[in-house]
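# sequence? don't have it. structure:
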Ligand code: AMP
């Protein structure tokens with residue numbers, strides 16, 4: 001079971017700010033921006049690379065949920081960044097798909 005699944009199930013402590021039937025939005029424990037959340041599917045899929053065609057709608061749902069959270073928390077108009085680190089070279093450290101939702105400051109490009 002991934003650490004995110006354990007947080008969602010209540011087995012370990014974490015802060016969940018939004019939930020629906022398909023996903024949960026957690027506060028990142030090591031924030032890289034004033035607002036830093038993780039949109040996590042309740043279905044435990046290792047990465048985007050591991051998602052199947054049957055998961056297409058779920059993947060879209062994660063982006064929609066991120067946009068909704070940014071709107072509800074009032075930083076959508078200022079803009080934000082969504083990131084999905086994937087695999088070793090992508091810098092993924094937790095093997096359970098998550099969309100980083102970061103906002104509250106201007107972002108730079110390119111990423112490291
Ligand atoms: P990634 O490196 O893209 O796989 O991102 C994993 C993210 O999960 C990092 O931003 C971590 O800070 C975050 N993280 C790891 N453990 C926890 C936890 N227990 N609660 C909340 N966020 C976590």
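Yep, that arrived. Owing to the predicted nature of the structure, the values given are computational and were not obtained by experimental measurement.

# beta-bridge partners for residue 18, please?
residue 25 (DSSP bridges).

# does it touch residue 67 like I think?
No - the criterion here is CB atoms under 8 Å, and residue 18 misses it with residue 67 at 11.8 Å. Just so you know, the C-beta spots here come from the backbone N, C-alpha and C atoms, and that holds for glycine as well.

# any common contacting residues for the two?
The contact sets of residue 18 and residue 67 do not overlap (CB atoms under 8 Å, 6 or more residues apart in numbering).

# strands of the chain, start to end?
16-19, 23-27, 35-41, 80-83, 99-103 (DSSP state E).

# out of the ones you listed, nearest to residue 72?
With CB to CB as the criterion, residue 72 lies closest to strand 16-19 of the strands of the chain, at 7.6 Å.

# packing partners of the closest one?
helix 3-9, strand 23-27, helix 56-72 (3 or more CB pairs under 8 Å, 6 or more residues apart in numbering; DSSP states H and E).

# what's the most buried one of these?
Ranked by mean neighbour count, the helices and strands packed on strand 16-19 are led by strand 23-27 with a mean of 21 (mean count of other CB atoms under 10 Å).

# can you count the residues close to residue 99?
21 (other CB atoms under 10 Å).

# that one and residue 58: what is the separation?
Here the distance between residue 99 and residue 58 works out to 12 Å (CB to CB, to the nearest Å).

# so what's residue 112 scoring on pLDDT?
pLDDT for residue 112: 86.

# that one: neighbouring residues, count only.
Residue 112: 4 neighbours (other CB under 10 Å).

# quick one: contacts for it?
No residues are in contact with residue 112 under the rule CB under 8 Å, 6+ apart.

# could you dump the helices and strands packed on strand 16-19 to JSON lines with distance to residue 50?
Listed next are the helices and strands packed on strand 16-19 as JSON lines, based on distance: least, CB to CB, whole Å:
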{"stretch": "helix 3-9", "distance to residue 50": "15"}
{"stretch": "strand 23-27", "distance to residue 50": "16"}
{"stretch": "helix 56-72", "distance to residue 50": "11"}
